[in-house]
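Q: the sequence and its predicted three-dimensional model are supplied below.
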There are 2 protein chains.
Amino acid sequence: MSFPESAITKLLESVAFDSDGLVAAIAQRHETGEVLMLAWMNADAVRETLATGRVTYWSRSRRSLWRKGETSGHIQTLRSIRIDCDGDALLLGVDQTGAACHTNRSSCFFREVAEDGLVEISKPLED
Amino acid sequence: MSFPESAITKLLESVAFDSDGLVAAIAQRHETGEVLMLAWMNADAVRETLATGRVTYWSRSRRSLWRKGETSGHIQTLRSIRIDCDGDALLLGVDQTGAACHTNRSSCFFREVAEDGLVEISKPLED
């Protein structure tokens, strides 16, 4: 799903970017509610995501736009985008192609605390 | 759900706290998968949350521990806690008493981008 410039402007006006010009973005699988990952967006990433319907983040390590899936093919297609009460977090509803995690697991949140430490709760997807 | 000291230590060893000593924490309703809020934890907040089973964040504005619900009664009871692949985000499965949002809405993510701007997709809960 993509959005017209007027909607993009309205959203950008409501985002409280941090001192690095970033906002946290949670990606959630639209169909199931599975939380896939947490990443960051700058204004350009927000704008590109809404204009194209393909989710783009800001890579803090590479200091560049990160078009999710551009090398892996594991793209995220935007279905909805919400903003929280104080404007410093976005919640993306997405259709995820393949794995969201670079470890090839469905979600980046694949380690859970148990009585005796961390346990892996999902395995890498088969290719 | 609470955890023994050994499990807390294992988790803390895996968290990549940022330069302010914080890690992002997403709260998700355990029963439904609804994403409720994004907040921050320091090591003390992580420790207290796991030791007590009552979710405690770090308030960046007040610069103090924020025992969610201590004034509103809208507490979060921990059901599970996961960590992402690079250790800089936590995903909490919680039972939420009342509203998660200070606006008395179920979730802080109550504004969604539509063609013509932002629309409110949920109303404050009745008291």
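A: Sure thing, it's come through. None of these values were measured; they are calculated from a predicted model. Numbers count the residues shown, from 1 in each chain, chains lettered A, B, ... in the order given.
Q: element containing the closest residue to A:Ala100 other than its chain neighbours, please.
A: Once flanking residues are discounted, A:Ala100 sits nearest to A:Leu36: 3.8 Å by C-beta to C-beta, 6 or more residues apart in numbering or on different chains. Yep, even glycine has a C-beta here, placed from its N, CA and C like the rest. For A:Leu36, the element it lies in under DSSP states H and E is strand A:35-41.
Q: just checking: what are the partner strands of that strand?
A: Using DSSP bridges, strand A:35-41 pairs in its sheet with strand A:23-29 (antiparallel).
Q: can I get the strand it pairs with as CSV, trimmed to CA atoms?
A: Output in CSV follows, covering the C-alpha atoms of strand A:23-29 (Å, rounded to 0.1, in the frame of the first residue of the first chain):
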residue,chain,number,x,y,z
VAL,A,23,12.3,7.1,14.7
ALA,A,24,11.9,3.5,15.9
ALA,A,25,9.8,1.3,13.6
ILE,A,26,8.3,-2.1,14.6
ALA,A,27,7.5,-4.5,11.8
GLN,A,28,4.5,-6.8,12.5
ARG,A,29,3.3,-9.5,10.2
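Q: OK, now which residue of chain A is nearest to chain B?
A: Residue nearest to chain B within chain A: A:Gly33 (2.9 Å; C-beta to the nearest C-beta).
Q: relative to B:Ile8, how far out is A:Glu115?
A: Distance of A:Glu115 to B:Ile8, given as C-beta to C-beta, to the nearest Å: 11 Å.
Q: what do you get for A:Leu90?
A: A:Leu90 is 30 Å from B:Ile8, where distance means C-beta to C-beta.
Q: ditto for A:Ile75
A: 37 Å.
Q: now do the strands in chain A.
A: In chain A, the strands defined using DSSP state E lie at A:23-29, A:35-41, A:56-59, A:64-67, A:76-83, A:89-96, A:111-114, A:117-120.
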